[in-house]
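Colleague: here's a sequence, model it:
(chains A and B)
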Amino acid sequence: MKFDDILTMILETLAMVTISGALAYLVGLPLGVLLNVTSQKGLKPCKWLNFVLSLVVNILRSIPCLIVVVLLMPTVRTILGRGTGEWYTIIIPLFVTSFGFVARMVEQSLAEVDKGKVEAVQSLGGTNFQIITKVLLPEARSSLIGGLAVTLVSLLGYTSFAYNISAGGIIAGIWRYYSQNTGDYLEHPVFWIMIIIVILLVQLIQELGLAISKKLDKRRILQ
Amino acid sequence: MPVIAIWLVRAEIGRFYGEKGWYHVIYSRPWSVFKDEFFIGENMSEQFILKIENLSKKFGTHQVLKDVCLEVAKGDIYGILGLSGAGKSTLVRCINGLEKFDQGKIVFNGKVVTFDRDYRRQVAMIFQQFNLLDQRTVLKNVMLAGELFGEKDCKERAIELLSLVGLSDKLDSYPSQLSGGQRQRVAIARALMSNPQILLCDEATSALDPDTTQQILALLTKLNRDLGLTIIMISHQMDVIEKICTKVAIIDNAQIVERGNAQDIFLFPQTDVSKKIIYSGHINTSVDNTKFLKLIFNGEIDTPIVANIIQDCNIALSIIYADSKVVDGRVYGQLIFTMPADVKDAQKLCKYLDLKQIHYEEVVASEIR
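Modeller: Now for the predicted structure:
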């Protein structure tokens, strides 16, 4: 296996994770805000809407990723022209499994914002929309960034299912390497190098997320 | 000319019937544009900036507020005192719409309040926990109040207000870098951004140490005096209310049990709850029929009265409660001591006080505890 192949696999994995992550936040962030706002203690409690959204999110989250991949194969084929074999064919299933998770994390982050801050801005005449954009999201930003890092790491794990539809990426690459060298794969340095690359990727995402989250959190500045 | 004459007559009728309330149904309809200036403005809004009428609220089956009535005049510093859970916090939150109520109404400047955004700008609030946005600098926190109404040039005013509260050197600090007192100052500056007429203080000094509390109270007094700001403050701390309030209401068990001038209520508390709050922790005696004598300082005594009693009557006194403050150079307050055990001594003492024209009352322990 050549260096170029590994590089391609890394880029494929990164593309899968970032594009599906971006899509998941595009839908999951507003959904999470809506879940928080309509909850019993939210800005505008709305029982039925909260119930319906929660149900959708819970159902989506409880279907295992592999099943989502299988279920969505025809849909992916309709949208992208092919259902397997290319790196981008895994993106829609990854997006579908993760946006419910994202919504829950966003909801949780917003719930951590002190209710007193919301009341203070209400008493200043702030509208609900202003409270979302000027209080809830900015005050929860470091927690939201932390959540983003967790989401990206779990998406990276999910890219392993790309193996099942020959969509590539580094984790699928490791499995393929094993299946081609079943007898002595543990003795090949390349096999270990690829594993180390995955570990480094995870560490990179996590540490970067933590650093940004800390940098943005003005609660911890000392005198 | 005739039109003006009719106008004036109507204005007079409005003034005359103003307090009865039904006049404007009859008279003001064709003149609704002028209603505020000619009728209500003359009668109600000048007198009372805020009127709370028969406010009631329940949390489930628990009555939190029951038929609460309150009248706040412009420029008042109105204190609402009560023990924890009496409903005072709910009351103040009802005033600016953070809490809904079941019955009654709130009248602001002669109009029944609908809790729209403009009303909220008129009635600002500060909190026990300050409730600043942690991720914004001090300046941005204050500017937020202008931002909400799309004011682009609110920076200068924010800086002005921050220097008014004494924080012009902290503009770019974050709330986490400030002390409690400084945070409350930022909250006050933020509340003042919209030029409010009323400032509600929800236990605003309860999280602060005594020194800082005094500083914040001094600042509030200054704002009341310089800006004509009407202040409604709730607290469970007697001394905070006593220090700055001109009017006081005492709330207990969802109801207002006593209200009026601060001086009157602190000198002559009528109800058990008021006495409990005012003398809290001062009087502890196991014998309930111990007699006490309460001297009232109503601003007219300027002699060292206790020393005089001891010298002139030759009686030893043991003081169990004393409290006074100086307003405009006169001493107001009260002094409670045990009645001399000897009947003759007691008679002598009462005679002496009568002679010196000092107001006093006989009270028993169970009354003042």
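
Colleague: low-confidence ranges, chain A, go.
Modeller: For chain A, residues meeting the criterion pLDDT under 70 lie at A:1, A:222-223.

Colleague: correction: the previous question concerned chain B.
Modeller: For chain B, applying pLDDT under 70 flags the ranges B:1-46, B:280-289, B:327-329, B:365-369.

Colleague: how far does stretch B:144-155 sit from the chain's center?
Modeller: Put simply, stretch B:144-155 sits 30 Å off its chain's centre (C-alpha atoms, centre = their mean, to the nearest Å).

Colleague: start and end of it, how far apart?
Modeller: 10 Å (C-alpha to C-alpha, to the nearest Å).

Colleague: what comes up buried for it?
Modeller: B:Leu144, B:Ala145, B:Gly146, B:Glu147, B:Leu148, B:Phe149, B:Cys154 (16 or more other C-beta atoms under 10 Å in any protein chain shown). (C-beta placed from N, C-alpha, C; glycine too.)

Colleague: in contact with the residue nearest the centre of chain A, which residues?
Modeller: What sits nearest the mean C-alpha location of chain A, by C-alpha atoms, centre = their mean, is A:Thr151, with 3.2 Å. Contact analysis of A:Thr151 by C-beta atoms under 8 Å, 6 or more residues apart in numbering or on different chains lists A:Gly21, A:Ala24, A:Tyr25, A:Ser98, A:Phe101, A:Val102, A:Met105.

Colleague: could you look up the SS state of it?
Modeller: helix (DSSP: H, G, I helix; E, B strand; the rest coil).

Colleague: equivalent analysis for B:Asp67, please.
Modeller: Judged by three-state DSSP, the three-state class of B:Asp67 is strand.

Colleague: and the next element down the chain from the host helix or strand of B:Gln63?
Modeller: Using DSSP states H and E, B:Gln63 sits in strand B:62-72. Per DSSP H and E, the first helix or strand lying C-terminal to strand B:62-72 is strand B:77-81.

Colleague: run the chain-centre distance for that next one.
Modeller: The answer for strand B:77-81 is 2 Å, by C-alpha atoms, centre = their mean.

Colleague: not counting its neighbours along the chain, what's nearest A:Pro138?
Modeller: Excluding the flanking residues, the one nearest A:Pro138 by C-beta to C-beta, 6 or more residues apart in numbering or on different chains is B:Gln135, at 5.3 Å.

Colleague: B:Ile338 contacts B:Lys294, correct?
Modeller: For residue B:338 the amino acid is Thr, not Ile. No. Look at B:Thr338 against B:Lys294 with C-beta atoms under 8 Å: they stay out of range, at 11.1 Å.

Colleague: so between those two, which is more surrounded?
Modeller: More crowded of B:Thr338 and B:Lys294, by other C-beta atoms under 10 Å in any protein chain shown: B:Lys294, with 18 against 15.

Colleague: which ones are touching that one?
Modeller: B:Gln334, B:Leu335, B:Ile336, B:Tyr360, B:Glu361, B:Glu362, B:Val363, B:Ile368.

Colleague: can you list the residues of chain A near chain B?
Modeller: Applying C-beta under 8 Å from any C-beta of the partner chain, we find that chain A lies next to chain B at A:114, A:116-117, A:119-127, A:130, A:134-135, A:138-139, A:141, A:216-223.

Colleague: from these, which would you call buried?
Modeller: Buried subset of the residues of chain A next to chain B (neighbour count, 16+ other C-beta under 10 Å): A:117, A:119-126, A:130, A:134-135, A:138-139, A:141, A:217-218.

Colleague: next step: those restricted to helices.
Modeller: With helices taken from DSSP state H, the overlap with these comprises A:Lys117, A:Glu119, A:Ala120, A:Val121, A:Gln122, A:Ser123, A:Gln130, A:Pro138, A:Glu139, A:Arg141.

Colleague: make CSV from those residues and add distance to B:Thr213 to it.
Modeller: Listed next are these as CSV, based on distance: C-beta to C-beta, whole Å:
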residue, distance to B:Thr213
A:Lys117, 23
A:Glu119, 22
A:Ala120, 20
A:Val121, 25
A:Gln122, 26
A:Ser123, 22
A:Gln130, 32
A:Pro138, 31
A:Glu139, 28
A:Arg141, 33
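
Colleague: for those, which two are the farthest from each other?
Modeller: Farthest-apart pair in those is A:Ser123 and A:Arg141; separation 22.9 Å (C-beta to C-beta).

Colleague: what's around the closest residue in space to B:Gln237 that isn't next to it in sequence, how many residues?
Modeller: Closest residue to B:Gln237 apart from its sequence neighbours, by C-beta to C-beta, 6+ apart: B:Ser206 at 6.7 Å. Around B:Ser206 there are 16 other residues, counting by other C-beta under 10 Å.

Colleague: list the buried residues of the lengthiest helix in chain A.
Modeller: Secondary structure of chain A per DSSP H: the longest helix is helix A:3-38. For helix A:3-38, a neighbour-count test (16+ other C-beta under 10 Å) marks A:6, A:8-10, A:12-17, A:19-21, A:23-25, A:27-29, A:31-38 as buried.

Colleague: centre of the chain to that helix, how far?
Modeller: On C-alpha atoms, centre = their mean, the centre of helix A:3-38 falls 5 Å from that of its chain.

Colleague: mind giving me the packing neighbours of that helix?
Modeller: helix A:47-62, helix A:91-111, helix A:141-158, helix A:170-180, helix A:189-216 (3 or more C-beta pairs under 8 Å, 6 or more residues apart in numbering or on different chains; DSSP states H and E).

Colleague: quick check: bridge partners of the residue lying closest to B:Asn96 once chain neighbours are set aside?
Modeller: Spatial nearest neighbour of B:Asn96, chain neighbours left out: B:Val123 (4.8 Å); criterion: C-beta to C-beta, 6+ apart. Beta-bridge partners of B:Val123, counted by DSSP bridges, are B:Ile198.

Colleague: so B:Val123 touches B:Arg93, yeah?
Modeller: No. Using C-beta under 8 Å, B:Val123 makes no contact with B:Arg93, being 11.3 Å away.

Colleague: so how far is the helix or strand hosting B:Arg183 off the chain centroid?
Modeller: Assigned by DSSP H and E, B:Arg183 belongs to helix B:180-192. Computed by C-alpha atoms, centre = their mean, the separation of helix B:180-192 from the middle of its chain amounts to 19 Å.

Colleague: same question, stretch B:255-263
Modeller: Here the centre of stretch B:255-263 is set off from its chain's centre by 10 Å, with C-alpha atoms, centre = their mean.

Colleague: quick revisit: JSON lines for the buried residues of stretch B:144-155, including distance to B:Ala322 and secondary structure?
Modeller: Listed next are the buried residues of stretch B:144-155 as JSON lines, based on distance: C-beta to C-beta, whole Å; DSSP: H, G, I helix; E, B strand; the rest coil:
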{"residue": "B:Leu144", "distance to B:Ala322": "46", "secondary structure": "helix"}
{"residue": "B:Ala145", "distance to B:Ala322": "44", "secondary structure": "helix"}
{"residue": "B:Gly146", "distance to B:Ala322": "48", "secondary structure": "helix"}
{"residue": "B:Glu147", "distance to B:Ala322": "51", "secondary structure": "helix"}
{"residue": "B:Leu148", "distance to B:Ala322": "49", "secondary structure": "coil"}
{"residue": "B:Phe149", "distance to B:Ala322": "51", "secondary structure": "coil"}
{"residue": "B:Cys154", "distance to B:Ala322": "49", "secondary structure": "coil"}
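
Colleague: just put these in CSV and tack on distance to B:Leu355.
Modeller: Conversion of those to CSV gives the following (distance: C-beta to C-beta, whole Å):
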residue, distance to B:Leu355
B:Leu144, 64
B:Ala145, 60
B:Gly146, 64
B:Glu147, 67
B:Leu148, 65
B:Phe149, 65
B:Cys154, 65
